[in-house]
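1. Sharing a sequence plus its predicted fold:
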Amino acid sequence: MKRTALVLALSLVAGQAAAQPRPDVTTMTCAAAQALVARSGAIVVTTGPATYSRIVGDVSFCTIEKSTRPDYERTRDVADCFVGYRCVDPFSEGRDGP
């Protein structure tokens, strides 16, 4: 009985952690968004009502065939805040897709 309760409690905690929302850079100051990326190295953030982006601190957080390009996002206090980099395919001249 105690074992079942422990398993149930652990699964509830794990489920709550997985359900946490992405950080929303539009509600942060530019400095806070930059610090979040620097602290995390690579993070997926909300960038608008229905958009998100994976932002990295440097190319070491990209797969080996990727390079980086600067990523600017709207934050609470700056319209085009440099928050970090995006991983891009260097052979598509930095475009995200076709």
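-> Noted; the coordinates are in hand.
2. what pLDDT does residue 1 get?
-> At residue 1, the model reports a pLDDT of 51.
3. low-confidence ranges in the protein?
-> For the chain, the stretches flagged by pLDDT under 70 are 1-19, 93-98.
4. Can you tell me how far residue 90 is from residue 59?
-> 10 Å (Cβ to Cβ, to the nearest Å). C-beta coordinates here come from the backbone N, C-alpha and C atoms, glycine included.
5. For this protein, which segments count as helices?
-> 2-18, 30-40 (DSSP state H).
6. From the contact counts, what lies against the last one?
-> Helix 30-40 sits against strand 42-48, strand 81-88, with contacts defined as 3 or more Cβ pairs under 8 Å, 6 or more residues apart in numbering; DSSP states H and E.
7. Which of those strands sits closest to residue 29?
-> strand 81-88 (8.5 Å; Cβ to Cβ).
8. what angle sits between the closest one and strand 42-48?
-> 120 degrees (axes from the mean of the first three to the mean of the last three Cα atoms, to 10 degrees).
9. Now do strand 81-88: distance to the chain's middle.
-> Offset of strand 81-88 from its chain centre (Cα atoms, centre = their mean, to the nearest Å): 10 Å.
10. Likewise for stretch 44-56?
-> Relative to its chain's centre, stretch 44-56 lies at 6 Å (Cα atoms, centre = their mean).
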